[in-house]
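Colleague: sequence first, predicted model second:
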Amino acid sequence: MKAFASIVAAGALLAAPSAAFAPSASSGASSSRLAMAAAESAADAPTPNPAIKLAANGMSLLKPLFAAEASLQAAVLGAISNVDKEAVAAEIESMKKQNKVLLYTYGLSPFSAEALNLLDAAGVEYTNVELGAEWFLLGGEESETRVALAKEVEGGATSLPKIFIGGECIGGCAELASLVESGELDAKLKGAKAKGGASTPNFFAGLFQ
């Protein structure tokens, strides 16, 4: 009898439609939506340009040369224009307090352009102060501003961009790219209330509706 029962059970299994063992359509659809949403989220995430990041890191080797040049330029042009250094420093402090995300950039700099692209890709609202097209085209006040901004970072680098989040200078293009790659940028923006949780895409939402 046991043998007969086993044969009957085996026959029932063989006779069962193949659809009985296939994953449900709703489960497959949910998995598909999850994969598509994750892919879209990854595609929208900011991605640093490795060549520009490498070049930005390499600029640190020229820091002493640029620091000397910046001081000389500011001294000469600042004197000609009779620039008030204290007023320049006060203006920077005011801008830091008024803007959750603030950048000082050059219009023709690939490093400045990369920083702006990364923030745009992250969906961040920011204020961009363009000092000039490039360092050698700066006027007296802009030259003094460049020197004042150098005091905001350890080591006194005079290169731009200078990026402030929540009033704190995080550095320039290379430092911003590192924050993006480590995943720390989003947390820093939220900590400065520069990016709310609602602005972060939740690709799980609506998957099982």
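Modeller: Alright, I've got the coordinates.
Colleague: what about the helices in this structure?
Modeller: Along the chain, the segments classed as helices by DSSP state H run 2-15, 25-44, 50-58, 63-81, 85-98, 110-121, 140-150, 173-182, 184-191.
Colleague: could I get these as JSON lines with mean pLDDT, mean neighbour count and distance to Ala133?
Modeller: C-beta: built from backbone N, CA, C; applies to glycine. Below are these laid out as JSON lines (pLDDT from 0 to 100; neighbours: other C-beta atoms under 10 Å; distance: least, C-beta to C-beta, whole Å):
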{"stretch": "helix 2-15", "mean pLDDT": "44", "mean neighbour count": "9", "distance to Ala133": "77"}
{"stretch": "helix 25-44", "mean pLDDT": "49", "mean neighbour count": "12", "distance to Ala133": "31"}
{"stretch": "helix 50-58", "mean pLDDT": "87", "mean neighbour count": "15", "distance to Ala133": "18"}
{"stretch": "helix 63-81", "mean pLDDT": "94", "mean neighbour count": "15", "distance to Ala133": "15"}
{"stretch": "helix 85-98", "mean pLDDT": "97", "mean neighbour count": "14", "distance to Ala133": "20"}
{"stretch": "helix 110-121", "mean pLDDT": "96", "mean neighbour count": "20", "distance to Ala133": "10"}
{"stretch": "helix 140-150", "mean pLDDT": "97", "mean neighbour count": "23", "distance to Ala133": "11"}
{"stretch": "helix 173-182", "mean pLDDT": "96", "mean neighbour count": "20", "distance to Ala133": "17"}
{"stretch": "helix 184-191", "mean pLDDT": "94", "mean neighbour count": "17", "distance to Ala133": "27"}
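Colleague: out of these, which is closest to Glu134?
Modeller: helix 110-121 (9.8 Å; C-beta to C-beta).
Colleague: next one: the closest one to chain centre, how far?
Modeller: 8 Å (C-alpha atoms, centre = their mean, to the nearest Å).
Colleague: residues in contact with that helix?
Modeller: Contacts to helix 110-121, defined as C-beta atoms under 8 Å, 6 or more residues apart in numbering, come from residues 44-49, 52-53, 55-56, 59, 101, 103, 105-106, 126, 128, 159-161, 163, 172-173, 176-177, 180.
Colleague: can you list the helices of the chain in CSV and add distance to Gly132?
Modeller: Converted to CSV, the helices of the chain look like this (distance: least, C-beta to C-beta, whole Å):
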stretch, distance to Gly132
helix 2-15, 79
helix 25-44, 32
helix 50-58, 19
helix 63-81, 11
helix 85-98, 15
helix 110-121, 11
helix 140-150, 5
helix 173-182, 17
helix 184-191, 27
